[in-house]
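[1] Everything below, folded, please.
(chains A, B and C)
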Amino acid sequence: MTWSVFVEIAPHLLYGTIFTVVLAASALVIGTLAGVSVGLLRFVPSQSLTMAIGGVVEFIRAIPLLMLIFFIFFGLPSIGIDIPTFPAAILALSLWMMANASEVVRGGIQSIPPGQMEAARSTGLSGIQAMRYVVFPQAVRRMLPPYIGLCTILIKDTSLAAIIGVLELTHTSQQLIARTYFALEIYLLAAVIYFCLCYPLSVLARRVEARLQRS
Amino acid sequence: MNFSWIAVWEGLPLLLEGAVLTIIVSLVAMLLAVVLGMVAAVMSQVRHVIPRTVVRIYVEMFRNTPLLIQLFIFYFGLPQIGISFSPFVCGLLALTLYTAAYNIEIFRSGLEAVPKGQHEAARATGLSPLQVSVHIIIPQALRISFPALGNNLVSLIKNSSLVSAIGMVELTFMANDISFQNFRSFEIYGTAVILYVIIVLSLTRVLGVVEKRIFARNT
Amino acid sequence: MEIRAHTTNRGILFLLAGILLASSLVTPASADTLEEVRERGELVVGVKTDFPPFGSISADGENVGFDVDLGHAFAKALFDDENAVEFVSVTSGNRIPFLQSNKIDIIMASMTITDERAEVVDFSEPYFLSGSLLLVPEDSEISGVDELNGKTVAIIQGSVQDAFVEERAPDANRVKFGKVSEAVLALKTGRADAYVHDDIVILTVAQDNPDLKPVGEPFEPLPYGIAVRQGDDEFSAWMDEQFDKMRADGSFDALWEKHFGDIKDNLIKPDSAEQG
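    Residues are numbered from 1 along each chain as shown, chains lettered A, B, ... in the order given. Alright, predicted model coming up:
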């Protein structure tokens, strides 16, 4: 293990990390917004809607993210849908986030005793209002730990984008290794950087969970 | 574009072979990860600070770094210090360590959920602490943890696709290999996607059935 | 759980049916890449980034190499600006999928012309001739492809050597890698006994790595070509025109000299006036 290498490669890796963060943040925002909407839509009293959404969500969750990326990147263009590399990665990650976030939302809402909904409706609130002012706010707290867990996984999964050539931390690592052959040092440093991004979130999730247990 | 069913037909044997390998490596990794996870979970309940810290470090390291990077370190990095494993061993190793790190949390909750009365009752019959753990507590913890473990197994099947990146042969690797040779990306990746869906849905069903049977028995 | 599973399965079936239906209906407009490229103002070229001297990354992070310079030359011809080009990193395995999925306009990636590939892309005239060579550790006793049986051989996924080694050394254990650097690393760390690839890259890597040596006679010489999407006739014709111009005004020979000058004696040099 050559220690001097770390100093040389750090700036390059940090540059790649910027893109990792952009990728993760974009997918996070888009995926969360979409996921919450989809998760809530599950509760609309329409069987065909629930069925359609359920099908899409389960489908996306049943395939590996890597497959989703390959399908969007290589497969879709064959039927005329051409998405450039970086947006393709964001799309795949966002779809993944959407499907999983919607499940977290659904789980959170379902964990609220139905009595809450009934009580709210009996005071004259409409279904939507009951959800918005009574049920959902209570459910949000329970959704937080698994949601933060999803964010952590999302950050880690941005590494998959390297496989289709997206410039981010893992890809940058591979380029450096192609030039210098210091595989162990470079991948270890990359791991450390990912750790720095994810560990705070893990700690946060644990704290939130502990708070929830207490209350 | 002309959707070629022939391409699907010709690619199917290899894709199915890949699917079988995916299932096998996932099951083996899960088995190992359950053993490792349980051992580590028990270790982390011990009073001594060293085992607890070791487990803690292991868990945090493997949960906060990408599985892909872990695979690369095992496959491309370790040979630099003389440890050279085949793609299969590296893949199995990484998947096991990664999944076990998540299993530990599940088992910790599972162990805690075993009613305290069990410990006392078992000791009262004259069993040693180790025997109590192995024969009474752990089996119950496993039962309680089953649903969460099942979820982890499904995640493992999906994560197994990453081992294709280090050249280990399974479904995703086959899909890449075939489509790089016959250039029918949509057909091949589409078929691979459907195979994964079938595997995951079937597995979920099976787990559901097993879960019912496990919890049908009264404790 | 029962009802949900039933519901979900139906949902998934509808989704699949929808996708299949869409795929059979949609026929993308036939490519006229030349038009598109002119409108875009930039040529997008798929090049190798791990295959010196055709395509690699310099210490400053720039794309360099024979194919890269070819890309600059084409951009100059199109837009009078040799920098009106974007280089996308491709590998032997994914270069055709990249071309087919419109991620790049043209492949300039040390691509061997074979019949299978010609079925899905349109090749230019050959512009290089390459045989296969072996790369082994300095102290290795392997001296040719026939001695590879029972050994571990690194090859690149999607390369022609995959089939060659299978034919000539059926008992060799072929380990596939995506990138040249991964195969070389495998050789350096003892994970592979030999690495078989195009002679030009083997020779270049051997130059930069004194702990490795090239062995054997180049076998199965095959030409390289640049490739565009199938049916892209205008672009194809323009491409061949460019090559003719470059050969006529000597710029082709100049590039050859620049990139292959010091190892040209080991290569099977095609006569620049007549290609095989």
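[2] Contact partners for the residue in chain B that chain C sits nearest to?
    Closest contact between chain B and chain C, by Cβ to the nearest Cβ, is at residue B:79 (3.3 Å). In short, each C-beta sits where N, CA and C put it, glycine included. Taking Cβ atoms under 8 Å, 6 or more residues apart in numbering or on different chains as the criterion, residue B:79 is in contact with A:183, C:185-186, C:189-191.
[3] And the pLDDT at it?
    Per-residue pLDDT puts residue B:79 at 87.
[4] follow-up on the earlier one: for PyMOL, write a command that selects the buried ones of the contacts of residue B:79.
    PyMOL command restricting the contacts of residue B:79 to the buried ones, with burial defined by 16 or more other Cβ atoms under 10 Å in any protein chain shown:
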select buried, (chain A and resi 183) or (chain C and resi 185+186+189+191)
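[5] Pull the most distant pair out of the contacts of residue B:79.
    A:183 and C:190 (13.8 Å; Cβ to Cβ).
[6] Quickly find the element holding residue C:159.
    In the assignment (DSSP states H and E), residue C:159 maps to no helix and no strand.
[7] interface residues of chain A facing chain C?
    For chain A, the residues in contact with chain C under the definition Cβ under 8 Å from any Cβ of the partner chain are A:47, A:50-56, A:58-59, A:73-74, A:76-80, A:82, A:84-85, A:165, A:174-175, A:177-179, A:181, A:183.
[8] Within reach of chain B, which of the residues you listed are there?
    Contacts with chain B within the residues of chain A next to chain C, counted by Cβ under 8 Å from any Cβ: A:58-59, A:74, A:76-80, A:177, A:183.
[9] hang on, the earlier thing: next, format the contacts of residue B:79 as TSV and append pLDDT.
    Formatted as TSV, the entries for the contacts of residue B:79 read as follows, by pLDDT from 0 to 100:
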residue	pLDDT
A:183	89
C:185	87
C:186	87
C:189	83
C:190	84
C:191	84
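[10] Check the offset of the helix-or-strand element of chain B with minimal mean pLDDT from the chain's centre.
    Within chain B, judged by mean pLDDT, DSSP states H and E, the helix or strand with the poorest mean is helix B:129-131; its value is a mean of 74. Here the centre of helix B:129-131 is set off from its chain's centre by 28 Å, with Cα atoms, centre = their mean, to the nearest Å.
[11] so where's chain B shaky on pLDDT?
    Per-residue confidence of chain B (counting by pLDDT under 70) places the weak regions at B:1-2, B:217-219.
[12] could you pull out the helices for it?
    With DSSP state H, the ranges of helices along chain B come out as B:5-45, B:49-63, B:67-72, B:87-113, B:116-124, B:129-131, B:138-159, B:171-182, B:185-216.
[13] Quick check: which of those is nearest to residue C:151?
    In terms of Cβ to Cβ, the element of those nearest to residue C:151 is helix B:87-113, at 17.0 Å.
[14] Mind giving me the packing neighbours of the closest one?
    Packed against helix B:87-113, as judged by 3 or more Cβ pairs under 8 Å, 6 or more residues apart in numbering or on different chains; DSSP states H and E, are the following elements: helix B:5-45, helix B:49-63, helix B:67-72, helix B:138-159.
[15] Return the most buried member of these.
    Ranked by mean neighbour count, the helices and strands packed on helix B:87-113 are led by helix B:67-72 with a mean of 25 (mean count of other Cβ atoms under 10 Å in any protein chain shown).
[16] For the chain, which residues score under the pLDDT cut-off?
    Picked chain A for this. Per-residue confidence of chain A (counting by pLDDT under 70) places the weak regions at A:215.
[17] other chain: chain C
    Along chain C, the parts satisfying pLDDT under 70 run over C:1-31, C:263-276.
[18] quick one, domains of it?
    C:33-127+C:225-265, C:130-222 (automatic domain parsing).
[19] can the ones you listed go into a markdown table with extra columns for distance to chain B?
    Formatted as a markdown table, the domains of chain C follow (distance: least, Cβ to the nearest Cβ, whole Å):
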| stretch | distance to chain B |
| --- | --- |
| domain C:33-127+C:225-265 | 4 |
| domain C:130-222 | 3 |
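[20] Now render those domains as TSV, adding distance to residue B:126.
    Shown next, in TSV, are the domains of chain C (distance: least, Cβ to Cβ, whole Å):
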stretch	distance to residue B:126
domain C:33-127+C:225-265	64
domain C:130-222	54
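[21] buried set for the longest strand that chain C contains?
    In chain C, assigned by DSSP state E, the strand with the most residues is strand C:212-224. Residues of strand C:212-224 classed as buried: C:212, C:214-216, C:218-219, C:221-224 (neighbour count, 16+ other Cβ under 10 Å).
[22] downstream neighbour of it in the secondary structure list?
    Toward the C-terminal end, the helix or strand that comes next after strand C:212-224 (DSSP H and E) is strand C:227-229.
[23] can you list the helices and strands packed on helix B:87-113 in TSV and add distance to residue B:119?
    Output for the helices and strands packed on helix B:87-113, formatted as TSV (distance: least, Cβ to Cβ, whole Å):
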stretch	distance to residue B:119
helix B:5-45	12
helix B:49-63	19
helix B:67-72	36
helix B:138-159	11
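[24] for residue C:99, what are its contacts?
    C:46, C:106-107, C:121, C:227-229.
[25] same check, this time on residue C:154
    With contacts defined as Cβ under 8 Å, 6+ apart, residue C:154 is in contact with C:175, C:177, C:183, C:186-187, C:191-192, C:194-196.
[26] Among those, which pair sits farthest apart?
    Pairwise across the contacts of residue C:154, and taking Cβ to Cβ, the largest span is found between C:191 and C:196, at 14.8 Å.
[27] Could you check how many residues crowd around residue C:107?
    Residues within reach of residue C:107, counting by other Cβ atoms under 10 Å in any protein chain shown, total 27.
[28] Tell me what it is bridged to.
    Legend: beta-bridge partners of residue C:107 under DSSP bridges are residue C:46, residue C:227.
[29] show me what contacts it?
    By Cβ under 8 Å, 6+ apart, the contact set of residue C:107 is C:45-46, C:90, C:95-96, C:98-99, C:121, C:226-228.
[30] which one of those has the most neighbours?
    Highest neighbour count within the contacts of residue C:107, by other Cβ under 10 Å: residue C:226, with 29 neighbours.
[31] Tell me if I'm right that it and residue C:106 touch.
    Yes: with contact defined as Cβ atoms under 8 Å, residue C:226 counts as touching residue C:106 (6.1 Å).
[32] just so I have it, where are all the strands in chain A?
    Assigned by DSSP E, the strands in chain A number zero.
[33] and the residue of it nearest chain C?
    For chain A, the residue closest to chain C is residue A:55, as judged by Cβ to the nearest Cβ, at 1.8 Å.
[34] That residue: neighbour count?
    Taking other Cβ under 10 Å as the neighbour definition, residue A:55 ends up with a count of 20.
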